[in-house]
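Student: Take this sequence and fold it.
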Amino acid sequence: MNVSDQEHKLSVSHFILMGFPSSPQRQLLYFGLFFVTYTLTLTGNADIACAVRADRCLHTPMYILLGNFSLLEICYVTSTVPKMLANFLSTSKSISFVSCFTQFYFFFSFGYDEGFFLCFMAFDRYLAICHPLHYSHIMARQLCTGLVIFG
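Tutor: Numbering: from 1, shown residues only. The predicted structure is shown next:
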């Protein structure tokens, strides 16, 4: 077998994640800081989503989009942070190719969706500010629901 045949048979099964090069004590400090930040992010976004869902006064397009954006942000953050937290506590900092690809897919899918949601939210505010008399007619419940579902 020549060298070119061997190159075609090599495949990647795992990636080694380098992370922050530091002592184990500093890794625990990083874990604590990121864990607190992650927990606060989840709690804050869940509170926003629950408040929008619970209060009928907040069932307007702006708040419906904001509540759904909060749920999307929970998914976005959860696509990467738990693996990072696990790597802070682990001695073998590796990820399989399939796990890496899956994490990559969800990270960029949720990021892409967040961009759309920010555009929808900007469009909602544009209508409210620049066309206040037509706002309720243009941004009807059907349009808002369609933006949430198809966005």
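Student: For the rest of this, base every contact and every neighbour count on C-alpha atoms.
Tutor: OK.
Student: Just the element for Phe15, please.
Tutor: strand 14-16 (DSSP states H and E).
Student: And that strand, what does it pack against?
Tutor: Packed against strand 14-16, as judged by 3 or more C-alpha pairs under 8 Å, 6 or more residues apart in numbering; DSSP states H and E, are the following elements: strand 94-96.
Student: Off-centre distance for the strand it packs on?
Tutor: Remark: strand 94-96 is offset 21 Å from the chain centroid, using C-alpha atoms, centre = their mean, to the nearest Å.
Student: Enumerate the positions of it that are buried.
Tutor: Ile95 (16 or more other C-alpha atoms under 10 Å).
Student: mind starting the numbering at 5 from now?
Tutor: Noted, 5 is the first residue going forward, which turns the last one into strand 98-100.
Student: Quick check: what element follows that strand along the chain?
Tutor: Next in sequence after strand 98-100, counting helices and strands by DSSP H and E, comes helix 101-134.
Student: roughly how far is that following helix from the heart of the chain?
Tutor: Relative to its chain's centre, helix 101-134 lies at 8 Å (C-alpha atoms, centre = their mean).
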